[in-house]
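**Student:** Sequence first, predicted coordinates after that:
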Amino acid sequence: MVINNFKRLRGKIAAVLVIVFCLSLVSIPEVLINAQETKQEAQMRVEILSPRVNEDGTITFSVKYEGDTLYLAGDMTSWESGQESMTKGDDGVFRYTTEVPLEPGRYQYKYKPNSNNWEGAFTQEYSPDGNSILVIKALGVTKNDDNTVTFRVKYDSEELCIAGTMNGWNPTATPMAKGTDGVFEVTLELGVGIHQYKYVTGDTWFKDPNNPNETAEGNSIVEIKGSLQSPVINGDGTVTFRVNHVSEQVKLAGSMTNWASNAITMQKSKDGSFYTTLALKPGQVYEYKFFDENNNWFTDPSNENTSNGNSVVTVPTYTIEQGTDGKYKITINTKYDGDELYLIGSFPQVDWNISKEVKMTKVENGIFSTTLEVPEGKYVYKFKPHSGNDWSDAFLDSGNQVISDGNSAIYVGEERKVENKYVEFKYVKPDKDFEDWNIWMWSAGFDGMQKNFSSFDEDTATARFLVPEGASTISFIIRKGEWVEKDPFGSDRNITLDPNSNITKVTVVSGEKDYFQVPSIENAEVNINDKSILFRYRDRNLYFNNVQGQIESVKVKVEDENGNSNLYDMPYDSTNQYFEYRLNNIQEGRYEYTFIVDGEEAKSGVVDLKLYYINGVAEVSPKEVDYDQNTVVKVTLDEEVSKDNIKEIYMDLSEVGGSNKVPMDLALLNNNVISQTIGVKDAVTSGDKSIIIVVVDKNGQEHEIETNLTVKSKTAIGDEDFGFDEARIYFIVTDRFFNGDESNDDPNGNNYDKSNPFTYHGGDLKGLTAKIPYLKDLGINTIWITPIVENTDFNQQFSSDGNQYSYHGYWAKNFENLDPHLGTMDDLKTLIDTAHDSDIKLMVDVVLNHAGYGMNKEEGNSGANNYPTNEDRRLFGNMFRDVVGNDFETQEVSGLPDFRTEDSEVRETLVDWQKSWIEKSKTDKGNTIDYFRIDTVKHVEGATWKSLKNSVTEIDPNFKMIGEYYGADVDSTFNKLENGEMDALLDFQYKNKARDFVNGKITETNDYLNSRADKISNTYLLGQFLSSHDEDGFLTTVDYNLGKQMIGAAIQITDKGIPVIYYGEELGMTGKNGMELGDANRYDMDFSRLEDPEYAKVYNHYKKLLNIRKDNSLVFSKGDRVTIDGGDEDKFSAFSRTYKGESVVTVLNIDEVEQERSIYVPYEAGTVLVDPYNNKEYTVNENGVVNVVIPAMIEGGTVILTTKKTSSDSDNGNINNGVNKDESGDTVKTGDSLKMEGVIFLAALMVTSLGAITIIKNKKKVAK
C-alpha cells in the first residue's frame, strides 16, 4: 500500500513538474494582454482577405472589419470623387466588385471608414501611411526587373505546363499555377539568349496566343538580350566569339578559316547563345561572319567594327614593319587591367641587368602599346606592372605563344631555327557541358596559362596550342572558369611531348586519372625475343592536320641481305594513328625497307640485326635488411658489353613487394657498373628473396641477371628506433624559431633591421637545442630544419632600396661550410646529441638544383655589402648551365643559377657535398643527421636523385629522403616513389582536403582519405602538411577559425602518412605567403602564446593528438582507414584505423556545439574503451555501440577511442584511472544523462530522482 501510494504521489509530482517545465518555456509577455490596448483599438482590428481576380476579369476586394461602414477609394474609383461603398455581409466581411475588368497596370488604393474624410483610413497591410498597390498583369510574356521572365496565359484546363529550350522541351518539367481568374502563370530565370517555348497539357501543344514573336516552325520565342560581348580578347591571347541566334546550329567563317571551306561549328551554351574560342595569329586583322544551317549569313551584332560588309577583329600583341636604315619597327600591344605597364627584355633599348625599362602607353580598352626600332635578330621580353628592379610579378606576353628561355620571344628579320611544337588536347565529358571549362597549363617558361577549347563535337572538346621552345614536358589541370571547379580527377598531371613529332595528341576523360596519348613511333623496331621487326609509318604533315585518312594505301617493301624482296600491306590503326606491319621469323642480318604510299616511294631505312651477348653479376649491400631499411643493388656487366647496345635495364622487385619492372637509369651506367636503391614493403615475409635484373639490348632481347636479398624482421629498441612511416615531423624555419646565441646574429656586419620580414632575425642551432624539451613534450620525434649550408649574405634588393636576405637558407654560397648565422659545428653536434637523447631525429633540408643569386655572374646588386666575389664564384667553376631550358629540369627557378646536374661530374660533386654532411656531423656518441628533406625535386633529373639515394644508403641503410615535388599527391607522384629516388613525397593536395572537411564536405573528403590510405605504404609514402613556408597558412584559408585549425590538425595527425607540423601552428600562428605580404607565413615563433588560454587550448590539442599517435604508432602509421559513421548533415565523422587486429576510432565534430552520438565501433560487446583525448572511459554495449559526447569544434571537437592505455596525464593524453571527473567532481560514464541549464535541468533531475529514465542520443547540447 505504501508503495502504491508512493507511486501515485510520484506520478502527481512528475505531472506537476512537466507542467512547470512546459510553462517555463513560454514567454509570459506572450500570454498577457497588453493593458495599454484600448477597446477602440481592439475593435478596429481588420482581416484583409485581399483582392481577387475573377474569371471575367473583374476584381473583388474583401475586408473583414468590425466597423459599420467602409469605402474603397483609389485609381480605379478616381479616388475620393468616385469612392465605392463596400457591402457588409453576415460574416462581417465588406466586399466590392468592380463593374468591368481592369486593364493591365498598377493601381493604388485605400480603405476608408468614413465617406467624408480620411480619418482612420488604412491600406492593404493596415498601415496608415502610403497606399496599397494592385498590379493587374498582362497576358503573354513580362520581363521583370530582377532578370526573371513571367509567362501568363488563360486556358480552359485544370493543368498546364510550359516546355521549351529552357527545359529541354520536357512537357511536364515546368508546371504553371492557375489563378482564380483562370490564368496560368509561372516565373522563370532565363539566361541571355533566345528561348523558344510552347504551352502543353496532355497531348495538346499550342503557342502563346498573346506573343506575336515566333519561329518559322511555330514556336513562341522570348529574347533576353543581356550584355552579350563579342568578340572578346582573352587573357591568353585567344579570341572568343559569341552570338544569339534562333537556330539549331551556327558556324563561324572568316579569313581565319578560309571562309566557308573550314568554317567552325560553334558550341551552344545553356543560355541559348553560340560561342567558340580561337587562337589567332597576333597582330593580325580578321574579317568574319556567322551563318546558320539554312545558310543565312550575318555579321556579329555585338561588334560595331566592320569592313567590306564583314565584322572585323584585331588581335593585339606585336606587328613587325620595315623601319629605317635596315632596321625593323616592332609594335608590341598587350591587354592589361592596370594603370601602368613596363616592357623589359633584350631589345637595344632595354638592359636586363640594370632593369632599364620602357614605359608602355595605355591606348584604349585596356591595351598598352609601345613601338621600338631594332635590327634583325631574336628578342626576348616580359611585362612588369611597375618600375624598378623587382621582377617578382613580371609576366609573359599572353598573346605571343612563342616562348624561349622562360620569356616571350620575337624573331625579327630572321628565320626561326626552332620548330614549333603543339599539343592537341581532347577532353571527353559525358554530360557534354563545356561552358567555361578550360585547361590550366604550365611548364618551365610557361608559367600558368589558360588554354581554351576551340571546337566541340558531342561529348568531346578540343584545344590546340603552341608549347614553349625546348620544352619536353608540360603540366595541366582541367578546371571551370578561374578555379570555380576542377575536373573530378583534380591532381596535377604531366604530358611528355613526342620527341619525334611536331604535335603531341592526348585525350583526357573526365574523372579518370590515366589519359590516352597517341604514341611516338620509330619507323622500324626490332624485337629479337619474338624474332620480328615492327614497321610503322605516319605522314608528318597529314598527321598534324588530322587527315591521314586521305591516304588510300601504305605498303612496306623489305629486302634482306641476300636480295630477297617482298611487299607487305600496312593496315591503318585509327586509334594510334599509324600504319603498321610486323615482319616475323627474321634472322640475323641486314634489312633494307621502303614505305610505298599511294604507289609512291616515301621513307627508306636500314635495320642491322645483330645478336648481342650480355652477361654480368649483381649484388646487394647490405645483404640483409628489414622493411625500414634500404639496400643498394649493384650490377656489373662484362667488359665486352657496350653501353651503346643497351636499350634499357630494369629490375623485377615483385618478391620484395615492388613492381615487376622498376627502371634503372642508364645515365648512371658508368664503366659497365650501375646501381640503384630498393626498399622492402612491410607486408613481405622474412626470408631470402630473389631480385631479377633484366638488361634489354637495342634489338629488344632480354638478358637476365639474378641476385638474392634476405629480409629480416624489424626489432625496435627504444623510442628512437621507429620506422620512417612512424615519424611525427615538426618543420622549423631555423632563423625564425629561437635565438640561442646573439653573438652570431650578424657575422658579416650587415646591420639587419630585425623588424623587417626579409632579414635575418637570429634563430640558430643553440636556439633549437634549447627547445628540444618543448618539442619532446609536444610529441614530436623528428625535426626538419631549413638548409644549414653557408648562404649568400647580401641585400638582394640593394639596387631597389629594399631588403631581402637569404635567412631561409635556400640560396647557397658554399655547400661545404656551415652557415655562420646558425652557429658552429659543435653547436650542430650538440643539437644532434640532445635531440637523440630525447628520441628525436634530425632532418636537414638540402638543395641540389641551384645556388644563390650572384654565384654564377655579377648582377645588378653587386654594390651590396658582402656581395659574392670572383673567388666565391670560382668554387662552382662551370657547374651552372649556360643555356637555360624550357622544361622543369633545365629552367632557372626564380632566376637562381641552375646546376647542370645531367653532367655526371656536376652531379657527383653535388652528391658528394651533401653526403659529406652525414660524416662531418657525426658526434662522439655516433649520432648524426638522420634524414634529408629534398628541395625542388621536380627541377632535377631522376639520375641525380638516384645517385644521392645510393650514396646515403651506402652510409646508413636507415637514412631516408622526403621530397618536395610541387603539386604531388597520392595519385600523382611523378615516378619519384618506389624507383630508387625518394622514400616519401610531401602531399600538396592534403591541406585542400582538410579544408574541405572542416568546411562541411565530410563525406566526400572521407571517401578520398580512405582511398588515399589504401594506396599509402612504407614504400609509397606521403607527408601531409597543412601549412608551410611556401604557401598560405591553413588558418588563413579557413577565416582564422581556430576550431577549424584544430579539426584540420586532428584529421592530419590521425591519418595515414607522415604528419608534418609547421612551427607555430600548435600556437595558432599563421600568415600568408609572398613578398608582397611580407613573408607573413615565416613569422617569429611566439612562445608567450603558451600563457594565453586561447592559444594554450590549441597547443594542448596538438600535444594530446601527437602523443596519442605516439602511443598507437603502428595503427596510425600502417592501419587502414574506414568511415563508420557521420556525414555532411550530421556535422561529425567517425572513422577507424586498424592494423593487425588493433583499432583506434577517431570521432570529429565540426559543429559549433558539442554533440552526443551513438557510434558503432569495431570492438566486441563489453570491451572497455578509453578516450585519452577527453580522459573518459566507455563500455561497448551489446549492439556494438558506445554513446560519446564530442566536444564543440572550438573545444577541439575530438574523441579518440582505443583499448590501449597511454602514458600521459590529463594534459598530455593520459586517462585518469579510466574514470573522468567533471568540473564539479561528479563521475561521468557512458549512459549518464547530460546536465542541463535552469528549469530543464531541475525538471530532468527531479524526474530522474523519482525513477524516470532519461536517455539522450544523437542530440546537440544547446550552446551557452
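**Tutor:** Arrived safely.
**Student:** Got the domain ranges for the chain?
**Tutor:** What the record gives for the chain is the domain set 47-135, 140-224, 232-315, 320-412, 422-517, 524-609, 616-711, 727-762+780-981+1020-1042+1054-1096, from the TED database.
**Student:** quick one, which of these is packed in tightest?
**Tutor:** Highest mean neighbour count of these: domain 727-762+780-981+1020-1042+1054-1096, a mean of 20 (counted as mean count of other C-beta atoms under 10 Å). Quick note: C-beta positions are derived from backbone N, CA and C, even for glycine.
**Student:** Could you tell me the end-to-end distance of that one?
**Tutor:** End-to-end span of domain 727-762+780-981+1020-1042+1054-1096 (C-alpha to C-alpha, to the nearest Å): 24 Å.
**Student:** now that domain, how far from the centre of its chain.
**Tutor:** Centroid separation between domain 727-762+780-981+1020-1042+1054-1096 and its chain, computed with C-alpha atoms, centre = their mean, to the nearest Å, is 25 Å.
**Student:** could you give me the average pLDDT of it?
**Tutor:** Domain 727-762+780-981+1020-1042+1054-1096 shows a mean pLDDT of 96.
**Student:** And the helices in the stretch 801-950 of the chain?
**Tutor:** Along the stretch 801-950 of the chain, the segments classed as helices by DSSP state H, counting those that start in this stretch run 825-837, 870-874, 904-920, 942-955.
**Student:** same deal with the stretch 1-150 of the chain?
**Tutor:** Along the stretch 1-150 of the chain, counting by DSSP H, counting those that start in this stretch, helices occupy 2-24, 39-43.
**Student:** Which one of those has the poorest average confidence?
**Tutor:** Going by mean pLDDT, the lowest-scoring of the helices of the stretch 1-150 of the chain is helix 39-43, which has a mean of 37.
**Student:** Dump stretch 1084-1095 to CSV, restricted to CA.
**Tutor:** C-alpha atoms of stretch 1084-1095 as CSV (Å, rounded to 0.1, in the frame of the first residue of the first chain):
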residue,chain,number,x,y,z
ASP,A,1084,59.0,34.7,-35.5
MET,A,1085,57.9,31.9,-33.1
ASP,A,1086,56.0,33.4,-30.2
PHE,A,1087,56.3,31.1,-27.2
SER,A,1088,54.5,33.6,-25.0
ARG,A,1089,51.2,32.3,-26.5
LEU,A,1090,51.5,29.3,-24.2
GLU,A,1091,50.3,31.7,-21.5
ASP,A,1092,47.3,32.8,-23.5
PRO,A,1093,44.3,30.5,-22.8
GLU,A,1094,43.0,30.8,-26.3
TYR,A,1095,46.3,29.5,-27.8
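**Student:** show me what contacts Ser1028?
**Tutor:** Residues near Ser1028 by C-beta atoms under 8 Å, 6 or more residues apart in numbering: Phe731, Tyr1062, Asn1081.
**Student:** could you dump the residues you listed to JSON lines with distance to Ala1096 and secondary structure?
**Tutor:** Converted to JSON lines, the contacts of Ser1028 look like this (distance: C-beta to C-beta, whole Å; DSSP: H, G, I helix; E, B strand; the rest coil):
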{"residue": "Phe731", "distance to Ala1096": "22", "secondary structure": "strand"}
{"residue": "Tyr1062", "distance to Ala1096": "19", "secondary structure": "strand"}
{"residue": "Asn1081", "distance to Ala1096": "22", "secondary structure": "coil"}
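**Student:** what's the helix or strand Tyr1095 falls within packed up against?
**Tutor:** With secondary structure defined by DSSP states H and E, Tyr1095 is part of helix 1093-1111. Applying 3 or more C-beta pairs under 8 Å, 6 or more residues apart in numbering; DSSP states H and E, we find helix 1093-1111 packed against helix 772-778, helix 1042-1054, strand 1058-1062, strand 1198-1202.
**Student:** Contacts for the last one next, please.
**Tutor:** Residues lying outside strand 1198-1202 but in contact with it, judged by C-beta under 8 Å, 6+ apart, are 1046-1047, 1050, 1054, 1101, 1105, 1108, 1112, 1143-1149, 1159, 1161, 1169-1174, 1178, 1186, 1188-1191.
**Student:** how does it look with 7 Å?
**Tutor:** Contacts to strand 1198-1202, defined as C-beta atoms under 7 Å, 6 or more residues apart in numbering, come from residues 1050, 1108, 1112, 1144-1148, 1161, 1169-1174, 1178, 1186, 1188, 1190-1191.
**Student:** ok, now stretch 925-935?
**Tutor:** 782, 784, 810, 832-833, 836, 841-847, 849, 917-918, 921-922, 952, 959-964, 982.
**Student:** cool, stretch 1093-1103 as well?
**Tutor:** Counting by C-beta under 7 Å, 6+ apart, 777-779, 1042, 1045-1046, 1049, 1061, 1066-1068, 1089-1090, 1196, 1211-1212 sit against stretch 1093-1103.
**Student:** out of the residues you listed, who's nearest Asn114?
**Tutor:** Nearest to Asn114 among these, counting by C-beta to C-beta, is Leu1042 at 64.7 Å.
**Student:** Please name whichever of the domains of the chain is nearest to Asp1128.
**Tutor:** Nearest of the domains of the chain to Asp1128, taken as C-beta to C-beta: domain 727-762+780-981+1020-1042+1054-1096 at 16.8 Å.
**Student:** Show me the shaky parts of the stretch 151-300 of the chain.
**Tutor:** For the stretch 151-300 of the chain, applying pLDDT under 70 flags the ranges 191-193, 225-228, 234-237, 270-271, 282-283.
**Student:** Put the alpha carbons of stretch 1132-1148 into PDB.
**Tutor:** Extracted C-alpha coordinates of stretch 1132-1148, given in PDB (Å, rounded to 0.1, in the frame of the first residue of the first chain):
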ATOM      1  CA  PHE A1132      30.500  14.900 -37.500                       C
ATOM      2  CA  SER A1133      32.600  11.900 -38.700                       C
ATOM      3  CA  ALA A1134      33.800   8.700 -37.100                       C
ATOM      4  CA  PHE A1135      36.400   6.600 -38.800                       C
ATOM      5  CA  SER A1136      38.500   3.600 -37.700                       C
ATOM      6  CA  ARG A1137      42.200   2.900 -38.200                       C
ATOM      7  CA  THR A1138      43.000  -0.800 -37.900                       C
ATOM      8  CA  TYR A1139      46.300  -2.700 -38.100                       C
ATOM      9  CA  LYS A1140      46.800  -6.400 -37.300                       C
ATOM     10  CA  GLY A1141      43.600  -6.600 -35.300                       C
ATOM     11  CA  GLU A1142      44.100  -3.500 -33.300                       C
ATOM     12  CA  SER A1143      41.800  -0.500 -33.900                       C
ATOM     13  CA  VAL A1144      41.600   3.200 -32.900                       C
ATOM     14  CA  VAL A1145      38.500   5.100 -33.600                       C
ATOM     15  CA  THR A1146      38.600   8.900 -34.200                       C
ATOM     16  CA  VAL A1147      35.400  11.000 -33.900                       C
ATOM     17  CA  LEU A1148      35.500  14.600 -35.100                       C
END
